Structures are given as C-alpha cells and as structure tokens.
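Participant: predicted model follows, preceded by the sequence.
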Amino acid sequence: MTEISIVIPTLNDAETLDACLESLDSQNYPEEKYEVIIVDGGSDDGTLNIAHEYNCRVLFEEEGTISYARELGVQKADGSYIAFTDADCVVPDDWLVKLKSTVETDEHVAGVGGPNVTPEDDKTFAKAVGDFFELFSKVGARYGFTGDEITEVHHNPTCNVIYKREVLEEVGGFNEQLVTVDDEEMDYRIREQGYRLLFRPDAPVDHYRRPTWRRFQQMAYTYGYGRGQAVRIHSELGKWFHYGPTIIGIVVIGLFLAALLTPIPLFIPLSVVFIGEISILGIAAFMRLRTNRSLIRYYLLINVWHIFWGIGFAQGIVNPPSTDPDLQMKSDPQKTS
C-alpha cells in the first residue's frame, strides 16, 4: 500500500533529474510504500525518458504554472502523505524516514521540511547564487534557511517538505493562479487553520542552484511576481524586504524624472544611486571575505536580483490572481473550513 507520494514538477530538467530520481530510488523506506509522481510541463530534452527509466508515474499539466503542477500531483496521488522536492535536488537516503516520523508526532503538525543546501559539486556561478540565498535568509527569507534544532516555522519551501494529505485537502491545496510563492501562500492558510509546520535541520537536500545569469534573472522576476500576487491575497505575506526593491526603484526613477523636469539638481538622484551601489558593494565585499569567491559576481548578483525582483513584484501587485469565486476559495481559509 502506498503511504507516501512524492511529487516533482518538471520542465526540461534532464540535466539534473537522473541524480534526483536515483536518490529517491535509494531511500531507506519500503519501496512498495512510496511512489514518485512526475508532473511535466512539456519537456523536450529527455526528461520524460529519464522518468520512465525509474518507473515514475508521469502526468502532464497544460496550465503553465508550477502551482498547478503540484496541485495536479496531489489530486492524482495515492499516498496519505505528500512529499515534494524539485528535479534539481538530491535527497539523503533517510529523507522520507525522517520527515514522515516527524510529521506523525502530533495531530496538529501538518507538515515538516528541511534545509536545501548548495552541493559541493555545483558550478562556480551556482555556488555564488547559493551564497546569495544563504545571506538573504538572514533577513527572514526561507529559501536558504538553515538551523540547529527542530523548530516551528511559518513556511517550508517545496523543494524539501512533506504534508499530511488530509490537511492539504482541508485547506484547498495550492492556488494554481500563483506564478510562484504558491507553497508559502498555502502554508499561510494551513497555519490559519491552527496547524503547525516544523523544520528539521538534519533532513537536508542538496539543491543545485541556477547555473546561468539568464536563469537567475528569470528566477528573480518570477519570485518577485509571485510574491506581489500573494501579497494582494494576504497582506501579511509582504515584509519590508519584499517591498524594498520596488519602492527604491520607484524613488530613483522619480528623482531622475524630477531632475529632468524641474530645477532639482541631477546630483541628488545620482547621489542616491551612488550610496545604494556603495552599500551593495560593501555587502558583496563581506560575502567575498567569507567565501573567497568573486566580488564582482556577488555585486552583480545582488543588483540583478533586486532590479528584476522589483519589476516582478510591481507587476504581481498590479496583476493579482483571478477573482473567480472558485479560485478565491483557496485563498480564504474561512471558506475551506
């Protein structure tokens, strides 16, 4: 009997999927008690061939959002527990054992997750991306968070998490309208229903980071866009560091326009930009001291992330998810109770 269903969204992930599925195939968990479900968004690079080699169940989604892919996987799963990871992750042999044993400890625990860390064999650029996310987690972000003990958290990213299926069904599952941040938005609704989410630091996954500037830029934009959408649904999901890049961008553009159209001296907006860039350079220098990696790369990564996040966040705020009542049910925990 299937106890755990592992859902993995894919889209042209042939480069990393084999290592991911090999790690899942090596779990210290009875193989007849878990299944792996691939939900593919239209891969044309050999991803599906790899999935079939490992006898995964393969589903296809046509909506184009990772949130829809995850929700489709949940709906078609056979397990009473639903685990999630990504195609660019490699999990330890005791991953399922640790997560499931922890989520079972209390009826009020809905889900348990663990860290996602940059592997030692990742590419040089990707390691710098991992360093950036580790630093970003210090101000409250969950993506690169690590810890020392089992603790209650507000969110576990879906690259490393397990849930009780009955809780996912109770809160209505993922909001398929969200481009990203769908996992955190769902975790918000789970906590609003009185459930707890736990973080287990000794259940890490190796998470290969974005290997190119283009993919890092796309990630920044889509994460910003999804956060903007989520904030329109639940204002509590917006923290100061989420608004910062967009607000700073608007202020800088406004000052430059004012300098062009009014007597305001040009050195004022230039001074603001200069101070900001010196601050970013200081952060990059601090990261360089800790890792001995490229100062210029860190400097550019921080700038690229904040520019494209700021643009995406603004567009997500302006273009919130559909107001269709059936879809809004998933965003209102009172309507799913």
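Facilitator: Now that the structure is in, tell me what you want to look at. The structure presented is a predicted model; accordingly, all values stated were derived computationally and were not measured.
Participant: contacts and neighbour counts: CA atoms only from here.
Facilitator: Will do.
Participant: show me where the stretch 51-200 of the chain has strands.
Facilitator: 57-60, 81-85, 89-90, 109-113, 116-117, 151-153, 160-164, 196-199 (DSSP state E, counting those that start in this stretch).
Participant: and of these, who's closest to residue 73?
Facilitator: strand 57-60 (7.6 Å; C-alpha to C-alpha).
Participant: the closest one: partners in the sheet, and parallel or antiparallel?
Facilitator: When pairing is defined by DSSP bridges, strand 57-60 lines up against strand 34-40 (parallel).
Participant: just checking the distance from the partner strand to the centre of its chain.
Facilitator: 19 Å (C-alpha atoms, centre = their mean, to the nearest Å).
Participant: with just CA atoms, put it into PDB.
Facilitator: As requested, the backbone C-alpha atoms of strand 34-40 are provided in PDB (Å, rounded to 0.1, in the frame of the first residue of the first chain):
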ATOM      1  CA  TYR A  34       6.100   5.200  -1.700                       C
ATOM      2  CA  GLU A  35       5.600   6.400  -5.300                       C
ATOM      3  CA  VAL A  36       7.200   9.100  -7.400                       C
ATOM      4  CA  ILE A  37       5.000  11.300  -9.500                       C
ATOM      5  CA  ILE A  38       6.500  13.500 -12.200                       C
ATOM      6  CA  VAL A  39       4.200  16.300 -13.400                       C
ATOM      7  CA  ASP A  40       5.700  17.600 -16.600                       C
END
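Participant: can you put the strands of the stretch 51-200 of the chain in TSV and add mean neighbour count?
Facilitator: Formatted as TSV, those follow (neighbours: other C-alpha atoms under 10 Å):
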stretch	mean neighbour count
strand 57-60	16
strand 81-85	25
strand 89-90	26
strand 109-113	27
strand 116-117	25
strand 151-153	13
strand 160-164	25
strand 196-199	23
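Participant: a markdown table for the ones you listed, including mean pLDDT?
Facilitator: Supplementary listing: the strands of the stretch 51-200 of the chain in a markdown table, determined by pLDDT from 0 to 100:
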| stretch | mean pLDDT |
| --- | --- |
| strand 57-60 | 98 |
| strand 81-85 | 98 |
| strand 89-90 | 98 |
| strand 109-113 | 98 |
| strand 116-117 | 94 |
| strand 151-153 | 95 |
| strand 160-164 | 98 |
| strand 196-199 | 97 |
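Participant: turn those into JSON lines, columns for distance to residue 102.
Facilitator: JSON lines is the format used below for the strands of the stretch 51-200 of the chain (distance: least, C-alpha to C-alpha, whole Å):
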{"stretch": "strand 57-60", "distance to residue 102": "26"}
{"stretch": "strand 81-85", "distance to residue 102": "12"}
{"stretch": "strand 89-90", "distance to residue 102": "20"}
{"stretch": "strand 109-113", "distance to residue 102": "7"}
{"stretch": "strand 116-117", "distance to residue 102": "18"}
{"stretch": "strand 151-153", "distance to residue 102": "11"}
{"stretch": "strand 160-164", "distance to residue 102": "10"}
{"stretch": "strand 196-199", "distance to residue 102": "8"}
